[in-house]
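In: give me a 3D structure for the following:
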Amino acid sequence: MILDSASLLDPAQLEARHALSAQLATLARALAQLERARAGVPPGAPSDRWRGPAQSAYGSSVRQLGAQLDQAIDAVRSAKRCTARALATMASRG
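Out: Got it, this is the predicted structure:
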């Protein structure tokens, strides 16, 4: 690979790389927070402390929360992969 010294010092390239690096770090932090939150959502059926409509509402809410967190985790993982790919592409182009 031949590196062009002008492209290495191009302010726009440097700014873009810095922005992508910052975005990657932010996405990594967000992913870690979402995964911690997901780990705190109880799996399966609600506990035996709930009865009747309360048990049904609680169970439904827990399942919905878990599904929404799973979707958010998938979206952030995808964004993180795309950002890492963009950084790698920029690095390979010099």
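
In: where's the helix or strand containing R85 relative to the chain centroid, distance-wise?
Out: In this structure, R85 sits in helix 52-93 according to DSSP states H and E. Going by C-alpha atoms, centre = their mean, to the nearest Å, the spacing between the C-alpha centre of helix 52-93 and its chain's C-alpha centre is 6 Å.

In: per-residue confidence for the closest residue to A84 other than its chain neighbours?
Out: Of all residues not flanking A84 in the chain, L24 sits nearest, at 6.1 Å (C-beta to C-beta, 6 or more residues apart in numbering). Glycine gets a C-beta too; all of them are placed from N, C-alpha and C. On pLDDT, L24 comes in at 98.

In: over to P46?
Out: For P46, the model assigns a pLDDT of 64.

In: again with S60
Out: Note on S60: pLDDT of 89.

In: can you count the residues close to T83?
Out: When neighbours are counted by other C-beta atoms under 10 Å, T83 registers 20.

In: that one against L27, yeah?
Out: Yes. If you go by C-beta atoms under 8 Å, T83 and L27 touch, sitting 6.2 Å apart.

In: and A37, how close does it get to G52?
Out: For A37, the distance to G52 equals 28 Å [C-beta to C-beta, to the nearest Å].
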